[in-house]
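**Q** sequence and predicted structure below; questions after.
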Amino acid sequence: PSEMVASPISGDIYVFDDFAIRHVNVATGSVSTIRNSAHLSYAAAITPDGKTLYWNNWNDNAGAMYRMQFESGAWSSPTRLPGDLGSTQWRQMIGASISHSGDVMYYIKRDTDSEIRSFSFRNFTYETLFTATGGDSGPQSLNLAHDTCLSADGNTLYITEGMADGRLKALNLSTGQLSEVASGFDFTWTGCCTISEGGTLAKVGDKNRIRE
């Protein structure tokens, strides 16, 4: 699987499994396919009410965005949204998080100097919030950033970056200031992050372990 997101309401997981979207019922362990022909995605998000699923087409140079909505007990067919994520380079957009209001998606344009961007589901435009400098070191570096997760108050976007010398950084969405939270991770094969239910811990995928 390239990406997965969990419903904030049911806790069920939606998995982007190659070009299929699968639904995992966490209570029963059953797996069903809700869409056989979708897209390979590394930037997916589900709204706080659990009723709208967004994802990017990783194989589209411009970063096309799609949406499915849960209506009358079933998921709708995918709809391609206006606008795009703003890339002219193939396979760069990854690591999405959605705002608590459900109308903005934060994501990474991955590079040696990565960018943090937002995409508005109201006007279907993207904005660059932060552009890293310094390559693989320095206070403003986001070297090969992996994933994002949003704080409980919605004001801070946490970002994993680096490889064997991985770091967790925090972007203040009000001021645009980047700071380092923790270091010493190995993100060679992972780099996923999520915020605990209480909002006090960041859980990070560190190679073969989960760290808090």
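**A** Looks like it came in fine. All values reported here derive from a predicted model rather than from experimental measurement.

**Q** all contacts plus neighbour counts: C-alpha atoms, from now on.
**A** OK.

**Q** give me the buried positions along the helix or strand where Tyr107 lies.
**A** In the assignment (DSSP states H and E), Tyr107 maps to strand 104-109. Neighbour-count burial for strand 104-109, counted by 16 or more other Cα atoms under 10 Å, picks out 104-109.

**Q** from the residues you listed, which is closest to Ala6?
**A** Ala6 lies nearest to Met105 out of the buried residues of strand 104-109, by Cα to Cα, at 15.1 Å.

**Q** wait, the closest one sits on Ser97?
**A** Yes. Contact criterion Cα atoms under 8 Å: Met105 and Ser97 qualify, at 5.7 Å.

**Q** now the common contact residues for these two.
**A** Ala45 (Cα atoms under 8 Å, 6 or more residues apart in numbering).

**Q** can you give me the distance of the most centrally placed residue in the chain to Glu3?
**A** Among the residues of the chain, the one closest to the centroid is Ala96, at 1.7 Å (Cα atoms, centre = their mean). Here Ala96 is placed at a distance of 10 Å from Glu3 (Cα to Cα, to the nearest Å).

**Q** need the overlap of contacts for those two.
**A** In contact with both Ala96 and Glu3: 42-44, using Cα under 8 Å, 6+ apart.

**Q** for Ser97, which non-adjacent residue is spatially closest?
**A** Excluding the flanking residues, the one nearest Ser97 by Cα to Cα, 6 or more residues apart in numbering is Tyr106, at 5.2 Å.

**Q** on that earlier part again, strands paired with the next helix-or-strand element following the strand holding Tyr107, and their directions?
**A** Using DSSP H and E, the next helix or strand after strand 104-109 towards the C-terminus is strand 115-120. Paired with strand 115-120 in the same sheet, following DSSP bridges, are strand 104-109 (antiparallel), strand 126-131 (antiparallel).

**Q** helices and strands of this structure: which one bottoms out on pLDDT?
**A** Taking mean pLDDT, DSSP states H and E as the measure, strand 209-211 is the helix or strand of the chain with the lowest mean score, a mean of 80.

**Q** partners of that strand, with directions?
**A** strand 202-206 (antiparallel).

**Q** what does the partner strand contact?
**A** 185-187, 190-196, 210-212.

**Q** for the residue with the largest distance to the centre of the chain, give me the pLDDT.
**A** Note on the chain: the largest C-alpha distance from the chain mean falls to Ser72, namely 27.2 Å (Cα atoms, centre = their mean). According to the prediction, Ser72 has pLDDT 83.

**Q** circling back to that earlier point, tell me the contacts of the residue nearest to Ser97?
**A** 96-99, 116-119, 148.
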